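In: got a structure for you, letters missing:
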């Protein structure tokens, strides 16, 4: 034992190799390997007559993806939802994360962190189905809105073209509410972590130099919290882009990218198109991160 | 003349702790004022009360004769150099310095012009385009200074600004700060736990202990005539005898202090000098300090005292080892009478 310790102490590279090679092998084959296998599939195509996969490199599947209006609609619908969910999550998370990071202390702080993470201890499916009941026409939300005498407002909201529907549980508004509820913790936690890393003396320095609290927030807090907001938004954005359970349980019948992947690789048996659809979120996240970097989101890291 | 800063019976209590306990004092305009004390003595709390980061629970803080107890920091004509400098990491040096005018609505070309002038003043004219993280500790310190001075405050607060610098840079900055203060003629309030720094730079020093000011005086007076045992020990590193020890040594039963450099060390066989008080003891340790050595002596009467013995004298005494019997003698006039807290009415 002692000899082995000495051996590795004298040869730090061997130690590092011992430490890293097993997880890297796992990561390389299981994650990256399967990801590349998937990407490779998107360059095959399906033969329309035989329904067999033609294993020759081609861009035909991508052509199908961008040329069919139904497919483009699915991508646009999913991206619009992902943007709406991300922006809303950021707006709700900012005051909560600010309170958690800057003002709460001791038990209050622990309470907030546990409170934010508590919903994640429950099964995801249970929560989605619970939301369907909450949002149903005879559900508790409709009942409560009725008690407040605001049924007219809810009806007007549901009458909105495109996002409305017969009830909350069968409209894009309802789906949006469930998405926001589900992914909010993934926005709050990185944001709180980023805000917590901003030293208090920087805020004092800003006030000391004559900045009103709103100026301090704009000039100091926000720029320093942006990496956290960016990290959180990548979570909410990519989770919404890839999810297929929420759109299939709650909301209007229109397809989302995740559902399309599920349907194409399952019943339709069109693995190349499913693969091409899975590439869309990857590309979108990449584009999003490039824009964020260009705007200087990660300069304060 | 209206005081630049005045505390009237100010207290700040955190739970059970009286961080600032009924403190009153006034700082004159243009004064270089030091607040000296160990950590937790209340000096930084007082600075925060002046800057406006905290509000007093009792009493009033006045700036230029106006009660500012409920005025927020951004409406006070006071600027601070922070202990960790608190430079904005996402801004360049020039943007950091220009921040004050920027939030006050000065337009870009003018504020950057002023920021460049301030950087010239602290000899960092060429560094405006860099990030704070690319600067050395001493340079960051100067940027913090330039940023605090650009608003032309009436009072500049400095919170242990030299603590993170190495000894040579610290001594350089001490001289520079002092000359800068003379040049600008504004009030400097300097918080430090380093008595050498306070004594060498300040016009007056307030010595803090347990949330109170133990003594407020000019450096020379503080050193030569400490008022309390705490000040004698903290400022002059003096030997302190309480009333009981004084009685054992055969002088008036009242607390007094003797500084190490006023004590001569003798072997017991030597004749005791006239007009001196002497105390027998045994050598505990000898520390070399360059021009002089500090001899720790265990007094027979109880305490451990130290004598600062010049180098040639130490060489003469060099035969003495740990445990050797010696006698500490000091002129009667060198003993400073102290007021023991709680003992006085």
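Out: Yep, that arrived. Keep in mind it's a predicted model, so treat the numbers as computed, not measured.
In: For the residue of chain B most remote from its centre, give me its contacts.
Out: When distances to the mean C-alpha position of chain B are computed (CA atoms, centre = their mean), the maximum falls on residue B:269, with 41.9 Å. Going by CB atoms under 8 Å, 6 or more residues apart in numbering or on different chains, residue B:269 touches no other residue. Just so you know, the C-beta spots here come from the backbone N, C-alpha and C atoms, and that holds for glycine as well.
In: Then residue A:57?
Out: A:43, A:44.
In: Residue A:162 now?
Out: Here residue A:162 is in contact with residue A:172 (criterion: CB under 8 Å, 6+ apart).
In: does it sit in a helix, a strand or a coil?
Out: The assignment at residue A:162 comes out as coil when based on DSSP: H, G, I helix; E, B strand; the rest coil.
In: separation between it and residue A:173?
Out: Taking CB to CB, to the nearest Å as the measure, residue A:162 falls 10 Å from residue A:173.
In: Could you look up the SS state of residue B:7?
Out: Applying three-state DSSP: residue B:7 is strand.
In: any idea how far it is from chain A?
Out: Residue B:7 sits 19 Å away from chain A, going by CB to the nearest CB, to the nearest Å.
In: repeat for residue B:37
Out: Distance from residue B:37 to chain A, by CB to the nearest CB: 20 Å.
In: Phi first, then psi, for the closest residue to that residue other than its chain neighbours.
Out: Closest residue in space to residue B:37, ignoring its immediate chain neighbours: residue B:208 at 3.3 Å, by CB to CB, 6 or more residues apart in numbering or on different chains. Note on residue B:208: its backbone torsions stand at phi -100, psi 140 [degrees, to the nearest 10].
In: One more: residue B:293?
Out: phi -120, psi 150.
In: before we move on, what SS does the residue farthest from the centre of chain B have?
Out: Per three-state DSSP, residue B:269 ends up coil.
In: neighbours around residue B:334, how many?
Out: Neighbour count for residue B:334, taken as other CB atoms under 10 Å in any protein chain shown: 15.
In: With adjacent residues omitted, what lies nearest to it?
Out: residue B:262 (3.9 Å).
In: Return the per-residue confidence for that neighbour.
Out: On pLDDT, residue B:262 comes in at 91.
In: Show me which residues of chain A are close to chain B?
Out: For chain A, the residues in contact with chain B (CB under 8 Å from any CB of the partner chain) are A:199, A:201-202, A:204-212, A:215, A:219-220, A:223-224, A:299-300.
In: wait, what's in contact with the nearest residue to residue B:147 once chain neighbours are set aside?
Out: Nearest residue to residue B:147, sequence neighbours excluded (CB to CB, 6+ apart): residue B:97, at 4.8 Å. Residues in contact with residue B:97 (CB under 8 Å, 6+ apart) are B:115, B:118, B:119, B:128, B:143, B:146, B:147, B:150.
In: mind running it again at 6 Å?
Out: Taking CB atoms under 6 Å, 6 or more residues apart in numbering or on different chains, we find residue B:97 in contact with B:115, B:118, B:146, B:147, B:150.
In: Where does the nearest residue to residue B:251 once chain neighbours are set aside sit: helix, strand or coil?
Out: Distance criterion CB to CB, 6+ apart; nearest residue to residue B:251, sequence neighbours excluded, is residue B:277 at 5.8 Å. Following three-state DSSP, the label given to residue B:277 is strand.
In: Need the pLDDT of residue B:277.
Out: For residue B:277, pLDDT reads 89.
In: And for residue A:299?
Out: 62.
In: What segments of the stretch 201-345 of chain B are strands?
Out: B:204-209, B:212-217, B:239-241, B:256-258, B:264-267, B:276-288, B:292-299, B:304-310, B:325-331, B:336-337 (DSSP state E, counting those that start in this stretch).
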